[in-house]
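K.L.:
my questions concern the predicted model and sequence given below.
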Amino acid sequence: MYEQKTKETDDNVIEFIEQVESLKKREDAYRLLDLFHEATGFEAKMWGPSIIGFGSYHYVYKTGHEGDAPLVRFSPRKAKISLYFAPGDTKREELLARFGKHTSGKACVYINKVDDIDIGVFKELITQSVAFTQNQYPGK
């Protein structure tokens, strides 16, 4: 049986951010912490050893696989900052077109620094992603 790897922990978010080697990435992590909190109203929680998440939802896939995940999240990784938004949201691409300098994958959006992005569009991405996910997985 599958066991979810990334789970909410009691680890301290600030202690995690303070461990980030790059001063600039640390500063950006604090900015992102404020922006995500402001946009969602949720307190930051650690998910696994390196993801900072806001809110949560319970998902159940058609395969029967289920688990819990943060509504939105980020991680100040060594190479780039990873921002996680809802995959499958059709409005995501429209917002990313106005977002600023980034690359993206299925669920992740990668940025070098917060100064590269449009903060207004970033907040729209957060609120859109939360609304999309809560609509897809109501109940929590």
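P.N.:
Okay, I see it.

K.L.:
contacts and neighbour counts: CA atoms only from here.
P.N.:
Will do.

K.L.:
and the strand or helix carrying residue 52, which strands flank it?
P.N.:
Residue 52 is located in strand 51-54, with elements delineated by DSSP states H and E. Using DSSP bridges, the strands paired with strand 51-54 are strand 44-47 (antiparallel), strand 72-76 (antiparallel).

K.L.:
what's the distance between residue 15 and residue 65?
P.N.:
Distance, residue 15 to residue 65, by Cα to Cα, to the nearest Å: 32 Å.

K.L.:
look at these two and report which has more neighbours.
P.N.:
Taking neighbours as other Cα atoms under 10 Å, residue 15 and residue 65 compare with residue 65 leading, 12 against 9.

K.L.:
local confidence estimate at that one?
P.N.:
Looking at residue 65, its pLDDT stands at 82.

K.L.:
next one: residue 33
P.N.:
Here the pLDDT value assigned to residue 33 is 98.

K.L.:
related to what we said a few turns ago, quick check: next helix or strand after the strand holding residue 52?
P.N.:
In the C-terminal direction from strand 51-54 (assignment by DSSP H and E), the next one is strand 57-60.

K.L.:
packing partners of that following strand?
P.N.:
Under the contact criterion of 3 or more Cα pairs under 8 Å, 6 or more residues apart in numbering; DSSP states H and E, strand 57-60 touches strand 66-69.

K.L.:
show me what counts as buried in the strand it packs on.
P.N.:
Neighbour counts using 16 or more other Cα atoms under 10 Å place 67, 69 of strand 66-69 among the buried residues.

K.L.:
what do you get for stretch 104-119?
P.N.:
For stretch 104-119, a neighbour-count test (16+ other Cα under 10 Å) marks 108-114, 117 as buried.

K.L.:
which residue, other than its chain neighbours, is closest to residue 87?
P.N.:
residue 107 (4.8 Å; Cα to Cα, 6 or more residues apart in numbering).

K.L.:
phi, psi for that neighbour please.
P.N.:
phi -120, psi -20 (degrees, to the nearest 10).
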